[in-house]
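**Student:** quick one, fold the following:
(chains A and B)
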Amino acid sequence: MSEEKYLVDIRHEQLSFFTSAGEVKALNDVSIRMKEGEVLGIVGESGSGKSVTAYSIMGLTAQNGRIVGGSVEFNGHRIDEMKEKELRKIRGSEVSIIFQDPMTSLNPVWTVGNQIEESIRLHTEKRGAEVRKRARELLELVGINEPEKRLGQYPHELSGGMRQRVMIAIALACEPKLLIADEPTTALDVTIQAQILELMQDLKKKLGMGIIMITHDLGVVASMCDNIAVMYAGEIVEYGTTDDIFYRPMHEYTKGLLRSIPKFHEKDYERLIPIEGQPVDLLNPPKGCGFAPRCQSCMKICLAKKPPRTDFDGLHYSRCWLLQKEEFLKNREGELSHV
Amino acid sequence: MSENLLEIEHLKQYFPVAGSRKTVKAVDDVSFFIRKGETFGLVGESGCGKTTTGRSILRLTEPTAGKIVYDGNVIFDSESGKKADMLPYRRKMQIVFQDPYASLDPRMTVGDIVGEALDIHKLCRTRAERRERILSLLSTVGLNSEHANRYPHEFSGGQRQRIGIARALAVDPEFIVCDEPVSALDVSIQAQVVNMFEDLQKKLGLTYLFIAHDLSIVNHISGRIGVMYLGHLVEMADADEITFHSMHPYTRSLISAVPIADPKIARSSKRIILSGDVPSPVNPPSGCPFRTRCLYADGRCAEENPAFREEKPGHFVACHHLDQLNPADQSKS
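**Tutor:** Sure, this is the predicted structure:
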């Protein structure tokens, strides 16, 4: 049996930032596999490592950041072993990214047309009028009216939703296999958010690319994603299908997250149940489970040792000592058996 | 019938546009009231004037026109020209800002940030009394005495928001404008702060004007909700009435656009996707402000701005086409 081919295959990735205050372990043993055309959601709070994980697939880490362990494979390339020059060929052609803030991620002194065409010129054989034609097609694809006029406009002449559409057009210029969307709708208003999410779903159906959706909004992943990875303190604490995560959550953090959001569609008032405590300090991470200091069911072992992975049906897994209880007792059975 | 703590009548707030003679009508003829002890939620998209409304009520920006009555006292009336001295009212009306990173002075200790209001209003006679009051305020918001000597940068976003709340509470206010107090916080921390607002309200009998763009949070915390669009209040009713029986086409699309954190519901629910963007408040459309994005708009909408009327008891809405939208609701009334 041949090994299944994955679009993204991250194995035991460890990534650290070396700052003046010391080593910040942003990622601790992160493994992710993603098939072609899959939509993966990565949820977690700020600093949980969701962006860092996704960026490392493009080889994008800040100057002071380094992959210190494990491997990152994308579309057959070993990203962690590639040189900057080689990475540039992949970025924008095989994998592209849209950022949270469409106000700052477009260049204010270039026209929209210039910025879309740049990507086409860099990564394809198209030249001259063909480039212009492709740029116009792309704007039509992302639902921008009067594309010819927009191509000549500067970013400040467009609204936030429109700029995000332009960002998507640039990202899709070379029909990438993977689109990384880093909080693509967080800076937008709800009605515009709904437009952009619908557009992304349409484009996925049309072009069939894989999408990694980074967000803190559980509402966004619920409607968009096939699978979800829940991150906390630089680790994936739970992974599963969207239904696994929402209807059969196993990790205490996932459960807490689901309890802490208001149930908008239900009439009865229910008091929110927050997760107590403060977000983790990555400079002084806890020795054991990252979530232990905030966990209501924290045990002694949680503070001392990192929990191993517990697998459930299908792809669903979680890392929590509570789920290891049965395993634990099974191992002890030997000690209890008769001689 | 409970008393109204705050009555706003025909509030207008215009700003001049730099380099031209035009004005931005940030808030244009908004009227509403807030009852004593309730939470009134104000929702709308960015630029709709919800924050400006909150600031005008406190007269942090001087309103262009209108009337503001606080607890039976007129604090602003453009017609009679009355402008009350705000200092005594600042003790009763406070504000918590959106960005807990920008709203705390980085060079002041937490104790001084909270204590500054005590000094201004001369609420403490001795240093010991001041210190005691600061510590009790910090403990009210879930911080401890050791935090008083630290600086804002040593705190996380959620803790900073608690400091901002302690500062607002320092003068024993009756009314607090909460301007997007949780939108900058992580989801798991949002719930902590929302619960704290609710607890404080119960304990201290506070009245809130809760401004946010997140309808699910506003619906959770508010008794009544006002929906703003392009400087106008387009609908106002009880929170559940807004969520489940809204009348205005804008409110309906806003509600349908809220991402629901339940995959089965999210997959089956139909969204009303609005086309286009919010028009610029410098050049607002004629007639109804929403008509450029409205599915029901016709000639009449372009000519006259619909009146803000009470369609059902306690349910106000401004739209010309309610008969098309709500045959059932209309027959009942």
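**Student:** CA atoms of stretch A:236-248 as CSV?
**Tutor:** C-alpha atoms of stretch A:236-248 as CSV (Å, rounded to 0.1, in the frame of the first residue of the first chain):
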residue,chain,number,x,y,z
ILE,A,236,-2.9,21.3,18.9
VAL,A,237,-5.0,20.3,21.8
GLU,A,238,-7.8,18.9,19.7
TYR,A,239,-8.3,18.0,16.1
GLY,A,240,-11.3,16.5,14.3
THR,A,241,-14.1,17.1,11.8
THR,A,242,-16.2,20.2,12.3
ASP,A,243,-19.0,18.0,13.8
ASP,A,244,-16.5,16.3,16.1
ILE,A,245,-15.3,19.6,17.5
PHE,A,246,-18.8,21.2,17.9
TYR,A,247,-20.8,18.1,19.0
ARG,A,248,-18.3,15.8,20.6
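**Student:** do that stretch and chain B meet at all?
**Tutor:** Yes. For stretch A:236-248 and chain B, the contact criterion (Cβ under 8 Å from any Cβ of the partner chain) is met by A:242-243, A:246-247. In short, each C-beta sits where N, CA and C put it, glycine included.
**Student:** can you give me the buried ones in that stretch?
**Tutor:** Neighbour-count burial for stretch A:236-248, counted by 16 or more other Cβ atoms under 10 Å in any protein chain shown, picks out A:236-242, A:244-246.
**Student:** for the residue of chain B found nearest chain A, give me its contacts.
**Tutor:** Among the residues of chain B, B:P259 lies nearest to chain A; the distance is 2.8 Å by Cβ to the nearest Cβ. B:P259 makes contacts with A:193-194, A:197, A:217, A:219-220, A:222-223, B:266, as judged by Cβ atoms under 8 Å, 6 or more residues apart in numbering or on different chains.
**Student:** now with 10 Å?
**Tutor:** Contacts for B:P259 (Cβ atoms under 10 Å, 6 or more residues apart in numbering or on different chains) come out as A:185, A:190, A:193-194, A:197, A:215, A:217-224, A:264, B:216, B:266, B:271.
**Student:** from the residues of stretch A:236-248 next to chain B, which land in strands?
**Tutor:** Within the residues of stretch A:236-248 next to chain B, no residue falls in strands by DSSP state E.
**Student:** for the residues you listed, give me a markdown table that also has pLDDT.
**Tutor:** Below are the residues of stretch A:236-248 next to chain B laid out as a markdown table (pLDDT from 0 to 100):
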| residue | pLDDT |
| --- | --- |
| A:T242 | 96 |
| A:D243 | 95 |
| A:F246 | 96 |
| A:Y247 | 96 |
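**Student:** inside helices: which ones of these?
**Tutor:** A:242-243, A:246-247 (DSSP state H).
**Student:** ok, residue 61 - contacts?
**Tutor:** This is for chain A. Contacts of A:T61 by Cβ under 10 Å, 6+ apart are A:15-17, A:26-27, A:52, A:55, A:67, A:80.
**Student:** um, chain B though
**Tutor:** B:13, B:15, B:26-27, B:52, B:55.
**Student:** if you rank those by neighbours, which is first?
**Tutor:** B:V27 (32 neighbours; other Cβ atoms under 10 Å in any protein chain shown).
**Student:** part of a strand, is B:A128?
**Tutor:** No. Judged by DSSP: H, G, I helix; E, B strand; the rest coil, B:A128 forms no part of a strand; its state is helix.
**Student:** mind checking the longest helix of chain B?
**Tutor:** Max-length helix for chain B by DSSP H is helix B:187-204.
**Student:** quick one: mean pLDDT for that helix?
**Tutor:** On average, the pLDDT along helix B:187-204 is 92.
**Student:** how far off centre is it?
**Tutor:** 16 Å (Cα atoms, centre = their mean, to the nearest Å).
**Student:** so the next helix or strand after it versus helix B:187-204, what angle?
**Tutor:** Note on helix B:187-204: by DSSP states H and E, the next helix or strand toward the C-terminus is strand B:207-212. Orientation check (axes from the mean of the first three to the mean of the last three Cα atoms, to 10 degrees): strand B:207-212 against helix B:187-204 gives 160 degrees.
**Student:** output strand B:207-212 as PDB, nothing but the C-alphas.
**Tutor:** Only the C-alpha atoms of strand B:207-212 are listed here, as PDB (Å, rounded to 0.1, in the frame of the first residue of the first chain):
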ATOM      1  CA  THR B 207     -27.600  51.500  33.800                       C
ATOM      2  CA  TYR B 208     -25.600  50.800  30.600                       C
ATOM      3  CA  LEU B 209     -25.500  52.000  27.100                       C
ATOM      4  CA  PHE B 210     -23.700  49.000  25.600                       C
ATOM      5  CA  ILE B 211     -22.200  49.800  22.100                       C
ATOM      6  CA  ALA B 212     -21.000  46.900  20.000                       C
END
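**Student:** quick one: strands adjacent to that strand?
**Tutor:** Partners of strand B:207-212 in the sheet, by DSSP bridges, are strand B:39-43 (parallel), strand B:175-179 (parallel).
**Student:** quick one on the thing from earlier: what packs against the longest helix of chain B?
**Tutor:** helix A:252-259, strand B:39-43, helix B:127-140, helix B:157-169, strand B:175-179, strand B:207-212, helix B:215-221 (3 or more Cβ pairs under 10 Å, 6 or more residues apart in numbering or on different chains; DSSP states H and E).
**Student:** run a quick neighbour tally on the nearest residue to A:R165 once chain neighbours are set aside.
**Tutor:** Nearest residue to A:R165, sequence neighbours excluded (Cβ to Cβ, 6 or more residues apart in numbering or on different chains): A:V142, at 4.3 Å. A:V142 has 22 neighbours, counted by other Cβ under 10 Å.
**Student:** tell me the pLDDT of A:V142.
**Tutor:** Value for A:V142, per-residue pLDDT: 90.
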